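S.K.: Fold the stuff below for me.
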Amino acid sequence: VEIMNKGFSLLETTVAIAILTVAILGPLSVATFALSNAGRSENEIIAYNLAEEALEFVINVRDSNVFAGDTWLLGLELGGNKCDGINGCYIDVTDTANPVKDCTGSCSGDLIRRNTTSGLYNHQSVAADNIDTIFRRRVFLRDNNLINNDERIVEVRITWNERFLPNKSFIIEHHIFEKE
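M.R.: All right, here's what the predicted structure looks like:
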């Protein structure tokens, strides 16, 4: 009597399911990794642009002051206040009346918000269509410890929190001179 096997054994089915699982989960995990890296890269690009914006603002203030015949750092340093203070300052380029603000204590004002209507980043907490972002920005003006007083080091610090990762930060430094 001959017995005909018409089907798969339990072992064959288990092996087939294992192979299919590996074939599906492998590319899925690669895609998940790529998407999470894309999100981190996007945050790094935003952070760099926010730092560059503050640096360009400081350079523009210096240039405007020089062209107007004013003190070259007018509005940025006030002898221990604003950007040359120990806590630095924060700069809101959308606030045309008072863009440079002192940081005191923990400097809660350095949190950057995004306007959902215009898409612009700012530090204004009163606008209804502003939402908090993960970014914080501070600007420092440091002297270069030289005898001459016509150079400052602009330091822009950006910090942010990535989900499930430690805090990230970086610093952009640039030397500005009274006459360039």
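S.K.: for N149, helix, strand, or coil?
M.R.: With DSSP: H, G, I helix; E, B strand; the rest coil as the basis, N149 sits in coil.
S.K.: same question, the one 10 residues further on
M.R.: Assigned with three-state DSSP, T159 falls in the strand class.
S.K.: Leaving out chain neighbours, which residue sits closest to it?
M.R.: Counting by C-beta to C-beta, 6 or more residues apart in numbering, T159 lies nearest to S169, which is 4.1 Å off, once chain neighbours are set aside. Placement of C-beta: from N, CA and C, glycine included.
S.K.: Sheet-wise, list the partners of the helix or strand hosting the one you found with their directions.
M.R.: Assigned by DSSP states H and E, S169 belongs to strand 168-177. Looking at strand 168-177 with DSSP bridges, its partner strands are strand 151-160 (antiparallel).
S.K.: Can you pull out the low-pLDDT segments for the chain?
M.R.: Residues of the chain meeting the criterion pLDDT under 70: 1-7, 78-81, 146-148, 180.
S.K.: again, only this time at 80
M.R.: For the chain, the stretches with pLDDT under 80 are 1-8, 33-40, 77-82, 85, 104-109, 125-128, 144-149, 163-165, 179-180.
S.K.: Give me the distance between the two termini of stretch 159-170.
M.R.: By C-alpha to C-alpha, to the nearest Å, the extent of stretch 159-170 from end to end equals 7 Å.
S.K.: now swap in stretch 118-136 and tell me
M.R.: 20 Å.
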